[in-house]
Structure formats: structure tokens, C-alpha cells
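*Asks:* what's the 3D shape of this:
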Amino acid sequence: RKLKKDNTGYDLKNLFVGAEGTLGVITAAVLKLFPKPKGREVAFAGLSSPEAALSLFSLAMDRAGAALTAFELIGQRPYDFTLLHAPGVVRPLSGDWPWYVLMQISSGRSAEDARALIEEVLSAGLEQGIVGDAVIAASIAQGDAFWNFREVLPEAQKPEGASIKHDISVPVAAIPQFIEKAAGAVQSVSPGAREVCFGHMGDGNLHYNISRPVGGDDEAFLGLYHAMNKAVHDVVRSFHGSISAEHGIGQLKRDELIATAPPMAIDLMRRVKAAFDPAGIMNPGKVI
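*Replies:* Model (predicted):
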């Protein structure tokens with residue numbers, strides 16, 4: 001429906017959102033359009049640590065608020081993989097840093113407002129020692145190139161051999177601690193395995209992928225899939241996070257969801273499923 005506020009009964013719309021087709025088929029939807037921003041600025045920054053990235057995110061939220069429309073965290077390893085394997089990409093910064101951030105500011109007021117906001121955030125970050133180096137895109141084309149660098153990260157990991165991937169989320173403030181603790185868990189399962197961490201820091205969602213050790217055997221590494229998943233997801237749960245932030249449960253994570261979610265939650269989900277789909281014909285075998 002088109003109403004902004006509607007308290008007539010249960011929120012059936014959001015019950016369907018994320019149900020992965022297990023409750024029914026959506027045949028119509030109301031879409032809301034937003035005006036194109038009058039100004040958009042994109043910047044690439046180099047930082048010393050995830051803690052510095054968290055400080056920059058807090059600074060950007062304080063100075064820009066809702067105008068901060070993207071804040072992507074990129075580790076040095078996926079950054080290096082992209083420079084090595086992705087055709088046509090351009091190095092965003094002249095120097096190398098342990099961590100990087102791709103930040104976007106969008107303004108509904110003017111292009112000048114967006115520029116002033118991003119300059120204010122980065123200037124404050126540099127003055128406070130949070131940011132080591134930064135560049136603001138000088139054109140729309142350069143801004144698109146920065147975004148292309150981020151978008152090709154997953155493909156650039158493939159030439160490095162087998163990988164075990166995780167789509168997780170933790171509270172934003174816990175991201176630096178998660179990264180540190182998860183790295184130890186990874187090494188306990190496969191010494192020499194390479195953490196490939198990047199994602200949407202603004203909502204706590206990280207793509208925490210693990211590439212096999214250099215020179216390792218792909219098949220042997222993939223044989224550690226369940227052990228690696230358990231090690232990483234145990235760390236996620238220790239921070240009260242989620243093992244599936246945006247990619248869903250499907251079949252791959254179904255058994256783990258059932259084994260680790262509170263029994264009452266699983267029972268309620270099964271009751272909802274039975275109420276909407278008593279014959280079990282809607283995307284059977286998924287989620288629960």
C-alpha cells in the first residue's frame with residue numbers, strides 16, 4: 001500500500017520481505033521514487049586500521065548525517081587482488097594502506113553542498129589523524145571508476161584459488177573487534193589462509209571471504225568448508241551478529257540456522273510457513 005503509516009493488523013508486507021518465496025508469490029508492489037541528488041561526491045581514503053575506519057564513519061555520520069549514502073570498507077588483500085587481476089582498474093591512491101574506505105556523499109540541495117560536506121569530513125579526518133591519505137573524484141567518470149573498483153572485488157578474488165565465503169553482520173561498533181577475532185579463528189582452521197574482508201561498514205555487513213593458502217590445494221581447502229564456516233560464525237554469534245546479512249538462507253545455511261537459532265524462533269517460523277503454505281509447495285526445502 002502507499003500509506004506511510006498503517007497499524008491495521010500484522011505487518012504482512014515485511015513478513016514477505018526476506019521470506020525467499022517460501023510464503024507465497026508477490027504479484028504487485030508499490031514503489032516509491034526519490035529525486036535524483038543534485039550533488040554527488042565520491043572519495044577514496046587510506047587508513048591504518050578498522051578502528052580508524054570506524055572513527056571516520058562516526059565523523060562522517062556526525063558531519064553529513066543522511067547525506068552519507070555509502071561507506072564501503074576494503075581490506076588491503078582484496079584491494080591488492082583487484083589491482084592484480086581486474087582489467088582496466090586504476091590505482092585510487094598513490095600509496096598503499098592496510099585498509100581503505102570508499103565514501104559517497106549525496107546532497108538534495110546542490111553540487112556545492114555535497115562537495116563542501118565531503119571536504120569537511122575528510123579534512124577533519126586528516127587533521128585528527130584518522131585518515132592517512134584521501135582523494136575526491138575530480139569528475140563523474142572518476143567517481144564511477146572508484147565504484148567500479150569496489151564492484152569488481154569479488155571477481156578479482158577468483159584467480160587466487162578456492163575460497164570460502166561468509167555474508168555476515170555484526171553491530172557497527174564491533175566491526176574492528178570482529179575482524180581481529182575472526183582472523184585468529186580462520187588461522188586455527190587453516191594456517192596460512194588469507195582473509196579477504198570488504199563490505200558495507202555503514203550497516204555492519206561484511207563479506208568475509210577466505211582464500212586458500214598460497215600454493216595450497218583447492219579441493220583440500222574446500223574440504224574445510226564446514227569447519228571454517230563454524231569457526232567464523234561462532235565469532236559472529238559472540239558479537240550477537242547474523243550469519244546471513246543480505247544473501248538469505250536458502251539451502252546452504254538452512255541446517256545451521258535450525259541448529260543455532262532459538263528453538264522458539266524456529267517453531268514460530270514453521271507455524272507461519274504452515275499457515276501460509278499448508279501444502280508445502282512454495283519454494284520447498286528452503287530456509288526451514
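*Asks:* Going by C-alpha atoms from here, please, whenever you check contacts or count neighbours.
*Replies:* Will do.
*Asks:* Okay, domains of the protein per the record?
*Replies:* 1-33+254-288, 39-155, 161-247 (automatic domain parsing).
*Asks:* can you tell me the average pLDDT over stretch 106-119?
*Replies:* What stretch 106-119 shows for mean pLDDT is 96.
*Asks:* With stretch 87-97 instead?
*Replies:* pLDDT averaged over stretch 87-97 gives 94.
*Asks:* returning to what we had before: format the domains of the chain as TSV; extra columns: mean neighbour count.
*Replies:* Formatted as TSV, the domains of the chain follow (neighbours: other C-alpha atoms under 10 Å):
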stretch	mean neighbour count
domain 1-33+254-288	12
domain 39-155	18
domain 161-247	18
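*Asks:* Where do the helices of the stretch 1-150 of the chain begin and end?
*Replies:* Shown for the stretch 1-150 of the chain, the helices assigned by DSSP state H, counting those that start in this stretch span residues 12-16, 50-64, 76-85, 111-127, 140-151.
*Asks:* Let's see the pLDDT reported for residue 268.
*Replies:* Predicted confidence (pLDDT) at residue 268: the value is 95.
*Asks:* In which helix or strand does it reside?
*Replies:* Taking DSSP states H and E as the definition, residue 268 sits inside helix 263-276.
*Asks:* and for that helix, what are the contacting residues?
*Replies:* With C-alpha atoms under 8 Å, 6 or more residues apart in numbering as the test, helix 263-276 has contacts from 22-24, 258, 280, 288.
*Asks:* Could you tell me the least trusted of the domains of the chain?
*Replies:* domain 1-33+254-288 (a mean of 91).
*Asks:* how about the nearest residue to residue 163 once chain neighbours are set aside, phi and psi?
*Replies:* Leaving aside its chain neighbours, residue 163 sits nearest to residue 211 (4.3 Å; criterion: C-alpha to C-alpha, 6 or more residues apart in numbering). Per-residue torsions, residue 211: phi -90, psi 150 (degrees, to the nearest 10).
*Asks:* And for residue 198?
*Replies:* Per-residue torsions, residue 198: phi -160, psi 160 (degrees, to the nearest 10).
*Asks:* Would you mind measuring from it to residue 236?
*Replies:* 15 Å (C-alpha to C-alpha, to the nearest Å).
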